[in-house]
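[1] whatever this is, show me its structure:
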Amino acid sequence: MKPTIIVHGGAGSWDLNSERIQIGMDACRAAALAGQKVLLEGGSALDAVETAVNVLEDCPALDAGKGSYPNANGNIEMDALIMDGRTLNMGAIASVELVQYPISLARRVMTDTKHTFIVGAGASQFADSINFPRCTIADLISDLTTDPNMPNEHASGPIGDTVGAIAIDAEGNIAAATSTGGTRGKMPGRVGDSPLVGSGGYADNHSAGVSATGQGEAIMKLILSKQVCDYVASGLSAQAACDAAIQLLTERTGAEGGLIAIDHRGQVGFAFNTTAMPHAYVVEDGEVVNGR
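    Next comes the predicted model:
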């Protein structure tokens, strides 16, 4: 199997002429390259998606990790999910605070506990129990996502710039990862689709790996990432499955969102019904394809 990775920086009403979208696209390119390096060195799909999402969590223009949106109380609560398509094992965290790399904490839930999903104070307690690196809220505040005088794609709507990555490694194993700071000004304790298995992401070697972005309340209603996998299992390609799922999202909910996927054949797919969705993908040792 040709090692392949695809990443996204969030579907939304991006200003196509803004500095912010260029920063987001550059971050996607860097994330795809980081994941490609892991895969070409013989690393697993899980390692590749975690590495790629860490790069996206470091980007101040994207709503995950360092660029997370504050909630209504001015605090930052983050969610993340990682899933192994070979075993169907997964790890997720929600409403966790003061962690710069939520996706890595989610992976530790998968590898270091008998559970799959830990939230709020429990997630913070778990982080401390394993000496997971913590940060301050100042480390997570970005001018690009908090300045009220700066044009903001999502000021009038509930879309978030969720980030995600999907990879397939040389062994044909698929992994998915999704991380977010949630919607801007959300109610404290609100959890969207991102950490929910089948909604914000899903991975199964028998079908595909998928990461979703957009209006979480609508994505949850359709279990959208699992829907893509089911479409692939029925015979559709990754691209056709993403197209069909976004059409379903539009028709059934009228909501906005986006998807990235890699199917069990190693084919890449992505679709969105928003102004843009910064993304990048690379196959084996080829050049990165960067788009918006």
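
[2] helices and strands of the chain: which one bottoms out on pLDDT?
    None of the helices or strands of the chain scores lower by mean pLDDT, DSSP states H and E than helix 143-146, at a mean of 71.

[3] which parts of this structure are strands?
    In the chain, the strands defined using DSSP state E lie at 4-8, 78-84, 90-96, 117-119, 163-168, 174-180, 201-203, 208-214, 257-263, 268-272, 279-283, 289-291.

[4] dump the third one to PDB, keeping only the CA atoms.
    Pointing back at strand 90-96 there. Only the C-alpha atoms of strand 90-96 are listed here, as PDB (Å, rounded to 0.1, in the frame of the first residue of the first chain):
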ATOM      1  CA  MET A  90      -9.900   4.700  20.100                       C
ATOM      2  CA  GLY A  91      -9.300   7.400  22.600                       C
ATOM      3  CA  ALA A  92     -11.100  10.700  23.200                       C
ATOM      4  CA  ILE A  93     -11.200  13.600  25.500                       C
ATOM      5  CA  ALA A  94     -13.600  16.500  25.900                       C
ATOM      6  CA  SER A  95     -13.800  19.800  27.700                       C
ATOM      7  CA  VAL A  96     -10.200  19.500  28.700                       C
END
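
[5] buried ones in it?
    90-96 (16 or more other C-beta atoms under 10 Å). Any C-beta I mention is one placed from the backbone N, CA and C, and that applies to glycine too.

[6] contacts for that strand?
    With contacts defined as C-beta atoms under 8 Å, 6 or more residues apart in numbering, strand 90-96 is touched by 77-84, 102, 105-111, 113, 116-120, 123-124, 127, 189, 191, 195-197.

[7] switch to 7 Å and redo it
    77-84, 102, 105-110, 116-120, 123-124, 189, 191, 195, 197 (C-beta atoms under 7 Å, 6 or more residues apart in numbering).

[8] what does the last one give?
    Applying C-beta under 7 Å, 6+ apart, the external contacts of strand 289-291 come out as 25, 28-29, 279-282.

[9] which stretches in the stretch 51-200 of the chain count as helices?
    Using DSSP state H, counting those that start in this stretch, the helices of the stretch 51-200 of the chain run over 102-112, 120-129, 137-140, 143-146.

[10] right, so these: which one is the most enclosed?
    The highest mean neighbour count among those, using mean count of other C-beta atoms under 10 Å, belongs to helix 102-112: a mean of 24.

[11] which one is Ile6 nearest to, not counting chain neighbours?
    Tyr281 (3.7 Å; C-beta to C-beta, 6 or more residues apart in numbering).

[12] does that neighbour have beta-bridge partners, and which?
    Taking DSSP bridges, one obtains Ile6, Val289 as the residues bridged to Tyr281.

[13] I figured it hits Ala32, correct?
    Yes. Tyr281 lies in contact with Ala32 (C-beta atoms under 7 Å); the separation is 6.1 Å.

[14] mutual contacts of the two, please.
    Common neighbours of Tyr281 and Ala32 (C-beta under 7 Å, 6+ apart) are Ile5.

[15] need the longest helix for the protein.
    The residue-count maximum for a helix in the chain (DSSP state H) belongs to helix 19-40.

[16] list the buried ones in it?
    Those would be 20-21, 23-36, 38-39, for helix 19-40 by 16+ other C-beta under 10 Å.

[17] same deal with stretch 229-238?
    Those buried within stretch 229-238 under the rule 16+ other C-beta under 10 Å are 229-232, 236-238.

[18] can you list contacts of that stretch?
    For stretch 229-238, using C-beta under 7 Å, 6+ apart, the contacting residues are 202, 204, 206-208, 210, 241, 244-245, 261-263, 267-269.

[19] mind checking the pLDDT average for it?
    Taken as a whole, stretch 229-238 has a mean pLDDT of 98.

[20] now stretch 58-65, how far from the centre of its chain.
    11 Å (C-alpha atoms, centre = their mean, to the nearest Å).
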